[in-house]
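Chemist: Here is a sequence together with a model predicted from it:
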Protein chains: 2
Amino acid sequence: MSKKYVYFFGSKGAEGNAGMKNTLGGKGANLAEMTNLKIPVPPGFTITTEVCNDFFANNNQYPDGLWKQAEEGIAKLEADFGKKFGDTTDPLLVSVRSGARASMPGMMDTVLNLGLNDETVEGLAKKTGNERFAYDCYRRFIMMFSDVVLEIPKRDFDKVFEAKKKSIGVELDTDLCKDSLQELVLAFKGIVKERKGIDFPSDIKEQLRLSINAVFESWNNERAIKYRNMYNIPHNWGTAVNVQAMVFGNTGNNSGTGVAFTRDPSTGEKRFFGEYLINAQGEDVVAGVRTPKPIFELERDKPKIYNELVEIYQRLEAHYKDMQDMEFTIQDDKLYMLQTRNGKRTATAAINIAVDMVAEGLIDKNTAVLRVQPEQLDQVLHPMIDPKSEVTVIAKGLPASPGAAVGKIVFDAETAQKMSGAGEKVILVRQETSPEDIGGMDVSQGILTGRGGMTSHAAVVARGMGRCCVAGCSELSIDEENKILKAKGYTYGEGDYISLDGSSGRVMDGQVKLIKPKLTGNFGKLMAWADEARKLGVRTNADTPHDAAIAKEFGAEGIGLCRTEHMFFEGDRVKAVREMILADDEAGRRTALKKILPMQKGDFKAIFKVMDGLPVTIRLLDPPLHEFLPHTKKDMEEIAADMGISVDAIKEKSNQLKEFNPMLGHRGCRLGITYPEIYEIQVEAIFEAACELAKEGKVVKPEIMIPLVGHINELSYTKKNLVVVAEKVMAKHGVKVEYMVGTMIELPRAAITADQIATEAEFFSFGTNDLTQTTFGFSRDDIGSFLGDYLSKNILPIDPFVSIDQSGVGELIKMGIEKGRSVRGNLKIGICGEHGGDPASVAFCHKLGMDYVSCSPYRVPIARLAAAHVALKEKN
Amino acid sequence: MSKKYVYFFGSKGAEGNAGMKNTLGGKGANLAEMTNLKIPVPPGFTITTEVCNDFFANNNQYPDGLWKQAEEGIAKLEADFGKKFGDTTDPLLVSVRSGARASMPGMMDTVLNLGLNDETVEGLAKKTGNERFAYDCYRRFIMMFSDVVLEIPKRDFDKVFEAKKKSIGVELDTDLCKDSLQELVLAFKGIVKERKGIDFPSDIKEQLRLSINAVFESWNNERAIKYRNMYNIPHNWGTAVNVQAMVFGNTGNNSGTGVAFTRDPSTGEKRFFGEYLINAQGEDVVAGVRTPKPIFELERDKPKIYNELVEIYQRLEAHYKDMQDMEFTIQDDKLYMLQTRNGKRTATAAINIAVDMVAEGLIDKNTAVLRVQPEQLDQVLHPMIDPKSEVTVIAKGLPASPGAAVGKIVFDAETAQKMSGAGEKVILVRQETSPEDIGGMDVSQGILTGRGGMTSHAAVVARGMGRCCVAGCSELSIDEENKILKAKGYTYGEGDYISLDGSSGRVMDGQVKLIKPKLTGNFGKLMAWADEARKLGVRTNADTPHDAAIAKEFGAEGIGLCRTEHMFFEGDRVKAVREMILADDEAGRRTALKKILPMQKGDFKAIFKVMDGLPVTIRLLDPPLHEFLPHTKKDMEEIAADMGISVDAIKEKSNQLKEFNPMLGHRGCRLGITYPEIYEIQVEAIFEAACELAKEGKVVKPEIMIPLVGHINELSYTKKNLVVVAEKVMAKHGVKVEYMVGTMIELPRAAITADQIATEAEFFSFGTNDLTQTTFGFSRDDIGSFLGDYLSKNILPIDPFVSIDQSGVGELIKMGIEKGRSVRGNLKIGICGEHGGDPASVAFCHKLGMDYVSCSPYRVPIARLAAAHVALKEKN
């Protein structure tokens, strides 16, 4: 006896159930489940996913015994439904549909109305008394079968179809009479003969076999593979095939079709929601020619059917304990349910439904937490483009920071500040941004750059500010000097309006309508439940008291990355910084640094105050000094005059500091080693701030982080010096402040030698931006030129700067953690790259046993929810 | 009973021998050995290296029983030498010297003439009848003891000493009379009292104890630690201390001192070689005030001593089976040998001595191979600065390519070619070089750059050409536009002479005298023996038939890296390359590539012919396209005119291709993925060339190498395309060419996922330049700004671009090899980074089980010898 490959469902119950998704696919399992619940479902059978895998493994051959089981399925179906396959008086028609374990909407093929040939079509006509209906089914079947099975493009049939409509002067498909449809059937068969040299198959079992084959094959069509890559669906899951009796909503005014949701998918409100069309098929609803009616009108139209539907929806929701999205058809006043599944919903709806269902006792808190996808939260944290508004997309860049923005174009930070000061909403458009632009970025609604990746300066800073950003939009031509932006034939100047969608990367013409986000009490409740469930700590990357305060509001439990370089740019201090860089010797550098000390001390004090006893990880200076020097001639002249030196001297220094590959150059702890005085002053400022607060009785927990360490000696050298300074300052103030010294792990060598580095480091913070850059050898600022090809050619499944590359970069992280903890069991480990806010990466960090993730303030809720998800999934 | 810490040697034989270097240090073991050979050596004893380690482990305390054993040693010494320590009539004086397992010349401390105080000095005076001599010994002792033990800088004594000479109007030390010396003794004691508040120690046992302490302590002085780091000498070896009776060559005309070699250390000629001075101490020879006489004059001066010396030297060489470097002293017509050790020698001498000794039956071939250090071979392969000539060093850069050069300065490649065409010798001086400069580099004597590291373009190309190069000389100010070179107050223009030493990195004023290299038959013999001994294959990095021919001459067994980009630059083809880059679409690119095809085919054919059946690994295009575009305004105008497009179009393209970090940008296989046609044409050219030769009956073994692979999909994608092209070309010609497809492993991710990559790759070639860059996050072109600090502050022991960083980069290589071979047992593995010619790295590659190393042509002999060394050492 062969294995069981076919599972029947019909009026006497089903062989499968909702728990068998792996074998029957989502659709098949739910059809079986509904059948078992005595909900009216047209009978049918499901061919298992195992057959699909066998099929591909054996050169597109069925496993032994399958066809026999399928024929038995047909026989049962005939008995149950009271019609016979191929009967010339009352033929059974079937649909053949795919159905995988995970939903892959529209990615695979379907054949409807199968079972028609020149004889059975006549039987259908007679039985229904509707010749037009029968021939319309027939021509639809030929088109679909030819497209899916024979691979003759649908457009070739559409051409003939449209020509026919034109020739007899009608507009709607439904206006074609029976004779025209008969002529079309002949014409369509002619196309098949001409293209394939065969007659259209009239053997209905052959039709069935070929259709099942085609649906299996569609598992491996290009778009299905791409979809699976995109959503991380394993290629070896395979699809099931559902063969089911056809029911028709288009046999007359006692028939109809519709879609319904058990709650409002847009707001989450608890009300029956949906639409229907009388005398129509599912396709007609989609085609949008006729406007469907809201579901409550069905109560007036067909009260019996409506009540039956209400009873069913309530049963289904109670049974599945989730909001359901259902398809139904009414044939000759009889209701059939064709599908039920968990309904897609907006973030707001997801939150509200989850929290409501807990109140209703349907689900528990943990289930509620799992019902909201972390990625969705962006929708409730940032303004979004109104999905109903029409937009003209003029270019597409990287979705670098979520949210949407509308404003007048400005091409430089100074103008941004001027215009915004005058009450204008502006969008800063630049080839790329640099730290000098921060003031301008802060006052802009959104930021658009022509170059740079997901972790470029613009992207990182914008995310930190919660500001919308589209980065690396290489289709644009941005002429900053002449203030001209060109895209797809559109030309804009300063003051012209554009709109940005930072969640999709779209750049749009003019002013698009936005929807403002709203945080409700349900959001707070859900996040509190998430916090109960998660094990991973969530910190934030914040450089200012303002950002720190927002992040704390969003639930951050500390600062995981406070970049000190931004403190070097603000206001007057950049002058002192430049003085330091231009100094000829250590004494000169120390003089300049002394001027910066009190300002940095003030910064740290403010941040410590906001964080109020939570740990604050401070990274000592990281970027190459070149970034601090002026770049324009005007700025150079100004500084030269200020400092009483020649412009040439500044140019020479700038030239001397220029690097071929600054990312791999003189930065990070390399600066702290060549100029120990820089780190000394920073540490002095940190401890002056900490000690003064400690004396006021405040708790302060500084964690000093040395960046870009690749060799244990780099850490030993810098640590030794900074401990001396810290102890000296504490001794001076006569207080003790608890502190740690640790390092970023952001170079492959650091991960490889983590057992050496952990002898000195009290904590590790994985800097996965830089680690991704060096592990792949991808510059985050230059990846734009080839990333598109890499994604479209399936070289990479996803931008590795967005989600951690687990098998490459991830292996290094794993090695780093294992080696580090092998010598220091209580080593505190976190991540502070941009990946800290990516749900898949958060889950990965949890699995590796990290203590916390740190991300930009607006990503903190996402990280909290993602951390809860992985913890709960692990428990289940 | 305590352990044996003290080993005596004296007229009745020695307790130690030459085999006990680990315990007695090199000096102590050889003194014992000579004693055992009945060679006259002043008696003494050696305190073991174990004591040194105990000393440091126990807070600078001696182990139990040591001092007792030392006192017993003194007693034996007194008995043997017939003088008593502290005797006021005929005092025994001793020297206290360090002596580690490995020679560390001048790194540690020594105290001579120990045993003198105000009483014994009188005894010495009376006994020798030479008061001046006695007081000269005394003042020398006080100076040395104060410097070494009491840590009062020697210069403080020198000042007083010089003042004394001036005050009495003498110039030579020897002109100071006894009274002056006595006054100096008093003055020196005054300095000690004033500085340290103590009287100069008069207890001679105390003197001895303190001196032994000081010599042990000098094991851990800064320069000794640095030296050990530099030469990879373990810090836990410790030093022995030798206490030995003093003998004096300065007691009168029957005394003297000298140094001798058993063969000529400069040429290797078999003749007794050395110099001596009558009535002098070792210091005097070094001071160079008097000119020593050649050793053969001793035959006339003191025939008996001379004959004794000859008899000793012959015995020592026969005993040690190596050329000896000996120190001797004659005291009152009695000969004492103070030291013997294997003598340092030039490369030429090393080769000649090793080969001669095999002929003489003294050593076997393998020993001969081990007698020549691989690093030394640079001396016989390149011109060197005449060590006798005086030079004025005006700057120091990185020793980027060995050899020396003299020539007139030129600041651009074009002028270099023009002037060299006119018969001038030129040195190309540039801020940095780019592929456009290759023609100019080729005609220059040497290359000097202001920027870039050991693997910068200039360095790599120069080494390939065997041309001398000093790179990254940041002390220079190079103004290419105005053709001015400034260094340390010197200013040069075009046509002025400078000289370069590429082995040391020195830049010198004017024309320095050079010595031309000479390869003798002995070189060939030795290399043949090396080849018999080694297991590792040695290939070369060569891009042209010319380089390939040189490398083959030097013994290369194939090409491990043929970079194809250089073929894109030559002559007219760069025009076609630019046309390709500027093309808007694939068709345009293909048209341009078609023009390059026949030229590349010709290149490959020529290289295959030279290599004549040896494997040739060809790397497909690697550098970013930006490098091929013109950079100067003039060039841009020329090309614009040529191509009939605007200069602006070129500028726009150039701007578009510009990258922040080109090293991590759109290059390597990333080009082959976005523009598959580039690799296709390259592969077509390779196989057209191979097939045509195959049809002529020639053996051709192309190995196609895909660069910069980090993900298996990159390799699968490019490999699939290129196999199609290869098969097509072979089918067209109707011949089969054996070929392989493999990849560079030059990114951390490639090493980490080597088990995946090896499923597609038939060979791995570790590109350790790039792998070092990404593992450390060090740009090879920018490392100059901090490498100096890293080396001087002991952060890194050596430039990781010169010798593989074994614990970091090396771990990745190891991982790559293990993972790669785990899925493909016969995976062929080599290295083609610049490390392939570094002896330590070659040894590392051997240990990891690689199949071959590949290096620039002039490094091939070095790699062969290094490979032999490691194989032989492993065997021993």
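Modeler: The structure has been received and is ready for your questions.
Chemist: Please enumerate the helices of the stretch 101-250 of chain A.
Modeler: A:120-128, A:131-148, A:154-167, A:178-196, A:204-217, A:222-231 (DSSP state H, counting those that start in this stretch).
Chemist: Out of these, which gets nearest to residue A:47?
Modeler: Closest to residue A:47 of those, according to C-beta to C-beta: helix A:204-217, at 6.7 Å. Glycine gets a C-beta too; all of them are placed from N, C-alpha and C.
Chemist: got JSON lines for the helices of the stretch 101-250 of chain A, with distance to residue A:748 and mean neighbour count too?
Modeler: Formatted as JSON lines, the helices of the stretch 101-250 of chain A follow (distance: least, C-beta to C-beta, whole Å; neighbours: other C-beta atoms under 10 Å in any protein chain shown):
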{"stretch": "helix A:120-128", "distance to residue A:748": "67", "mean neighbour count": "19"}
{"stretch": "helix A:131-148", "distance to residue A:748": "49", "mean neighbour count": "22"}
{"stretch": "helix A:154-167", "distance to residue A:748": "51", "mean neighbour count": "14"}
{"stretch": "helix A:178-196", "distance to residue A:748": "56", "mean neighbour count": "16"}
{"stretch": "helix A:204-217", "distance to residue A:748": "43", "mean neighbour count": "20"}
{"stretch": "helix A:222-231", "distance to residue A:748": "26", "mean neighbour count": "15"}
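Chemist: Mean pLDDT and distance to chain B added to those, as TSV?
Modeler: Output for those, formatted as TSV (pLDDT from 0 to 100; distance: least, C-beta to the nearest C-beta, whole Å):
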stretch	mean pLDDT	distance to chain B
helix A:120-128	94	47
helix A:131-148	94	29
helix A:154-167	92	26
helix A:178-196	95	29
helix A:204-217	96	22
helix A:222-231	82	11
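Chemist: In CSV, list the ones you listed along with distance to residue B:330.
Modeler: Converted to CSV, the helices of the stretch 101-250 of chain A look like this (distance: least, C-beta to C-beta, whole Å):
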stretch, distance to residue B:330
helix A:120-128, 126
helix A:131-148, 108
helix A:154-167, 110
helix A:178-196, 111
helix A:204-217, 101
helix A:222-231, 87
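Chemist: So which of the ones you listed is nearest residue A:112?
Modeler: Nearest of these (C-beta to C-beta): helix A:131-148, 6.0 Å.
Chemist: Might you list the low-confidence residue ranges for the stretch 1-150 of chain A?
Modeler: Within the stretch 1-150 of chain A, the segments meeting pLDDT under 70 span A:1.
Chemist: at 90 instead, please
Modeler: A:1-2, A:59, A:62, A:103-107 (pLDDT under 90).
Chemist: all strands of it, in order?
Modeler: A:6-10, A:13-14, A:44-47, A:94-100, A:110-114 (DSSP state E, counting those that start in this stretch).
Chemist: Single out the most deeply packed of the ones you listed.
Modeler: Mean neighbour count (mean count of other C-beta atoms under 10 Å in any protein chain shown) peaks for strand A:44-47 among the strands of the stretch 1-150 of chain A, with a mean of 29.
Chemist: Partner strands of that one, with direction?
Modeler: strand A:6-10 (antiparallel), strand A:239-245 (antiparallel) (DSSP bridges).
Chemist: what comes up buried for stretch A:76-86?
Modeler: Buried residues in stretch A:76-86, counting neighbours by 16 or more other C-beta atoms under 10 Å in any protein chain shown, are found at A:76-78, A:80-81, A:83-86.
Chemist: which residues sit in contact with residue A:411?
Modeler: Residue A:411 makes contact with A:428-430, A:478, A:480, A:483, A:485, A:494, according to C-beta atoms under 8 Å, 6 or more residues apart in numbering or on different chains.
Chemist: residue closest to the middle of chain A?
Modeler: The structure's chain A has its C-alpha centroid closest to residue A:375; by C-alpha atoms, centre = their mean the separation is 5.8 Å.
Chemist: Relative to residue A:353, how far out is that one?
Modeler: Distance, residue A:375 to residue A:353, using C-beta to C-beta, to the nearest Å: 17 Å.
Chemist: Same check on residue A:367?
Modeler: When residue A:367 is compared with residue A:353 (using C-beta to C-beta), they lie 11 Å apart.
Chemist: Settle it for me: which of the two has more neighbours?
Modeler: residue A:353 (29 against 17; other C-beta atoms under 10 Å in any protein chain shown).
Chemist: helix/strand/coil for the nearest residue to the more buried one once chain neighbours are set aside?
Modeler: Distances taken as C-beta to C-beta, 6 or more residues apart in numbering or on different chains place residue A:268 nearest to residue A:353, at 4.4 Å, with adjacent residues excluded. Here residue A:268 is coil, with the state taken from DSSP: H, G, I helix; E, B strand; the rest coil.
Chemist: Might you report the residue contacts of residue A:268?
Modeler: So residue A:268 contacts A:345-346, A:348-353, A:356 (C-beta under 8 Å, 6+ apart).
Chemist: now do 7 Å
Modeler: A:345, A:348-349, A:352-353, A:356 (C-beta atoms under 7 Å, 6 or more residues apart in numbering or on different chains).
Chemist: Figure out which of the strands of the stretch 1-150 of chain A is closest to residue A:826.
Modeler: Going by C-beta to C-beta, the one of the strands of the stretch 1-150 of chain A nearest residue A:826 is strand A:94-100, 45.4 Å.
Chemist: hmm, who's touching the closest one?
Modeler: Strand A:94-100 is contacted by residues A:25-28, A:108-112, A:114-115, A:211-212, A:215, A:218, A:237, A:239-246 when judged by C-beta under 7 Å, 6+ apart.
Chemist: can I get the CA coordinates of it in CSV?
Modeler: Below are the C-alpha coordinates for strand A:94-100, written out as CSV (Å, rounded to 0.1, in the frame of the first residue of the first chain):
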residue,chain,number,x,y,z
VAL,A,94,-13.4,21.8,-10.0
SER,A,95,-10.8,24.4,-9.1
VAL,A,96,-7.1,23.4,-8.7
ARG,A,97,-5.3,25.8,-6.3
SER,A,98,-1.9,26.0,-4.6
GLY,A,99,-1.6,26.3,-0.9
ALA,A,100,1.7,26.4,1.0
